[in-house]
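Chemist: Structure for the following, please:
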Amino acid sequence: MLIKFILTKIKLMRKNVKKKPTVAIGMSGGVDSSVAAAILKKQGYQVIGFFLHFWNEEIKGECRDNLCCSLEAQEDARSVAQKLDIPFYTLNLKAPFKEKIVDDFLAQYESGQTPNPCVRCNSLIKFGDFWQKAKALGADYLATGHYAKIKKTKIDDKIIYRLFVSKDGKKDQTYFLHSLNQKQLSKIIFPIGAMEKNEVRKLAEKLELPTAQKRESQEVCFAHNGVSEFLSRHIKLKQGSVVDNCTGKILGKHFGSQLFTIGQRKGLGLAGGPWFVVGFDNEKNEVLVSTNEKDLQKNEFLVKNVNWLSGFPKEQKSIKCCVRYHGELIGCLIKKSGKFYLVKLKKPARAVTPGQFAVFYKNSECLGGGVIV
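Modeler: Got it, this is the predicted structure:
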């Protein structure tokens, strides 16, 4: 019944203004998506707001709201939609989110990797399942409040959609969007990609949007009290040794190697430091540490499952690599090596972490990226 109602609503909207495309926008209840919706409406699009419900964890019979889709966030998004006078609906994506994001997150940690769930969420959920549902309901395009830019170019009579860094470099989110494909990019609009955060807030205030001064969350959305606490409840942890990487001496005990990550300094409880986590011996269930930060540096590594947004770069003169969100961009050379790519950095990178993503850039263009092996 709800789907029929939405389809009828969309048809009526299209009858009124036939030439204007319909854009479904994901509204999180934050200032960025709120302003993005306002800009789309001002540009003349037929805008429909959608609030996405992701998986919620139940602890002792109590359901914890996912930080991305709490009741408070939903009401904030609804208030903005009412202010802008656009239709507003909610979509239940709990099952695919649990299967594709949460379950994979736990499996990766169990195997000794340190995953980045936001990358998978963007390609599989927000621009995957959400887009399929929005398209089925009559949407022509999908929009979000991401800080990124898409440019349409023609190369050898072929239309290519390219991903570029946003105007606000500090808020740029191309790192999390590098795994999108050409089909997805051709249907995406990023209304605030050419704006800085302070401009977004000023516009929200000018439009008197309820979310103008709302703070944003930086945590993994389904891990309320941190990743370590979440992992402790969902995977089997085994006690092991903390070992000096140089001497092989046992320095202490750990209660689950999955609770540590490469480069970690805090929470080790070791004397005579500072100590840094530099690696793991999964067979012996050992966490390897060192007081020498050079042990954290790598000049080369392999990446797998690489997604090139518009093809493998033939010219590598200006290519740079980023091994973590907002990490340093380091010049590199990339060479195919079987089913992997070998990345050779022009200077060492700190704490290159298996399971995280290496993302490649050329000037302000995001070329794609893959999983660090």
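
Chemist: Walking through the stretch 201-350 of the chain, point out its helices one by one.
Modeler: Taking DSSP state H, counting those that start in this stretch as the test, the helices found in the stretch 201-350 of the chain are 227-234.

Chemist: any low-confidence regions in it?
Modeler: Low-confidence regions of the stretch 201-350 of the chain, defined here as pLDDT under 70, cover residues 218.

Chemist: Same check on the stretch 51-200 of the chain?
Modeler: Along the stretch 51-200 of the chain, the model assigns pLDDT under 70 to residues 59-67.

Chemist: Find the centremost residue of this structure, please.
Modeler: When CA atoms, centre = their mean is applied to the chain, the residue found nearest the centroid is Cys118 (2.9 Å).

Chemist: Excluding chain neighbours, give the residue nearest to that residue in space.
Modeler: The shortest distance from Cys118 to any non-neighbouring residue, by CB to CB, 6 or more residues apart in numbering, is to Phe176 (4.9 Å). Using the backbone N, CA and C atoms, a C-beta is placed for each residue, glycine as well.

Chemist: Validate this expectation: the one you found resides in a helix.
Modeler: Yes: with DSSP: H, G, I helix; E, B strand; the rest coil as the criterion, Phe176 is part of a helix.

Chemist: ok, it - how many residues close by?
Modeler: 23 (other CB atoms under 10 Å).

Chemist: so what's it up against?
Modeler: Listed by CB atoms under 8 Å, 6 or more residues apart in numbering, the contact set of Phe176 reads Asn116, Cys118, Val119, Asn122, His146, Tyr325.

Chemist: taking those one by one, which sit in helices?
Modeler: Cys118, Val119 (DSSP state H).

Chemist: so which of the contacts of Phe176 comes closest to Gly279?
Modeler: Ranked by distance to Gly279 (CB to CB), those are led by Asn116 at 19.1 Å.

Chemist: what number of residues lie near that closest one?
Modeler: A count of nearby residues for Asn116, using other CB under 10 Å, gives 20.

Chemist: One more: Ala107?
Modeler: Applying the criterion other CB under 10 Å, we find 12 residues in the vicinity of Ala107.

Chemist: same deal with the one 4 residues further on?
Modeler: Ser111 is flanked by 12 other residues according to other CB under 10 Å.

Chemist: which residues touch Met27?
Modeler: Contacts here follow CB under 8 Å, 6+ apart; on that basis Met27 touches Ser33, Ser34, Ala37, Gly49, Phe50, Phe51, Ala77, Val80, Ala81, Phe88.

Chemist: And for Glu57, the neighbour number?
Modeler: Per other CB under 10 Å, the neighbour tally for Glu57 reads 17.

Chemist: now it, which residues is it bridged with?
Modeler: Beta-bridge partners for Glu57, by DSSP bridges, are Arg64.

Chemist: Please report how far it lies from Val343.
Modeler: Remark: distance between Glu57 and Val343 (CB to CB, to the nearest Å) = 36 Å.

Chemist: circling back: which two among the contacts of Phe176 are spaced furthest apart?
Modeler: Checked with CB to CB, the contacts of Phe176 reach their widest spread between Asn116 and His146, with 15.4 Å between them.

Chemist: And the host helix or strand of Phe130, what's buried?
Modeler: Secondary structure from DSSP states H and E places Phe130 in helix 130-136. Residues of helix 130-136 classed as buried under the neighbour-count rule (16 or more other CB atoms under 10 Å) are Phe130, Trp131, Lys133, Ala134.

Chemist: List of residues touching it?
Modeler: Contacts to helix 130-136, defined as CB under 8 Å, 6+ apart, come from residues Ala24, Gly26, Ile48, Phe50, Leu52, Leu91, Leu93, Leu142, Gln184, Lys187.

Chemist: per-domain residue ranges of the protein.
Modeler: By the assignment in automatic domain parsing, the chain contains the domains 2-7+21-206, 236-291, 298-372.
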